[in-house]
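Novice: Test case, fold it:
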Amino acid sequence: VHDYMVTFVTDRPGGFLRPEIGALQRLAQRLAIVLDRQSQQWITQNLLSAYLGATTAPKVLAGQIRRGAGTEMTAVLWSSDLRGFTERSDRLPSGRMIAILDALFDAQAQAIGEHGGEILKFIGDGILAVFPVEAADTTSAVAQAALAAAHEALRAVERLNREPLLAGEPPLEVVVALHIGTVNYGNIGAADRLDFT
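Specialist: As a prediction, this is how the structure comes out:
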């Protein structure tokens, strides 16, 4: 249950008349319903954006949730992977490993986002991202942006290796693969569990 507050003011000497107060009270009750609905919409949008990304969340909210539904698009796909993850995760306490992964993902995510890409998912120690090509004449620019993001992400990981979080640890080594082509962007999965990818 959410609590909302609304304030009505007037500059009339003596304030609102009794019938006006009744009308404002009825209006305030109706406003609570509208505000609650809007609040739930914001929460849903923020939650879906956090888990699905800014491009995919509105599609899912708009009802694009049928299995097998999707659209073809040209895109640069990004796949990155941390070398030596299994050995490192077997050796380190899980809290420290999660902190390292979070820092590693932040370093890459910032570069991806700043260059027009969107992360589709985190896969263990890797990232799958997409850089959509909106028009044929932008293909080269999108490819260059994805390549710049990869270089920037690798430099960010190099800086991360000097952080206290990685003290006493072998340096992180990330490999980024880029591929351009036509992909289907939409829902796939089981009848009761879908993935928009």
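Novice: for this protein, longest strand please?
Specialist: strand 174-190 (DSSP state E).
Novice: where do the helices sit along this structure?
Specialist: For the chain, applying DSSP state H gives helices covering 18-52, 56-61, 85-91, 94-114, 139-160.
Novice: just how off-centre is the fourth one within its chain?
Specialist: Average the C-alpha atoms of helix 94-114, do the same for its chain, and the two points are 13 Å apart (CA atoms, centre = their mean, to the nearest Å).
Novice: what's the spacing between the residue nearest the centre of the chain and residue 141?
Specialist: Residue closest to the average C-alpha location in the chain (CA atoms, centre = their mean): residue 53, at 3.1 Å. Computed as CB to CB, to the nearest Å, the residue 53 to residue 141 distance reads 21 Å. Quick note: C-beta positions are derived from backbone N, CA and C, even for glycine.
Novice: By mean pLDDT, which helix or strand of the chain comes out lowest?
Specialist: Lowest by mean pLDDT, DSSP states H and E among the helices and strands of the chain is helix 56-61, with a mean of 76.
Novice: Need the contact partners of it.
Specialist: 44-45, 48-49, 51-52, 118, 120, 196 (CB atoms under 8 Å, 6 or more residues apart in numbering).
Novice: Please, a ChimeraX command that selects the buried ones among the residues you listed?
Specialist: Applied in ChimeraX, the following selects the buried portion of those according to 16 or more other CB atoms under 10 Å:
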select :48,52,118,120,196
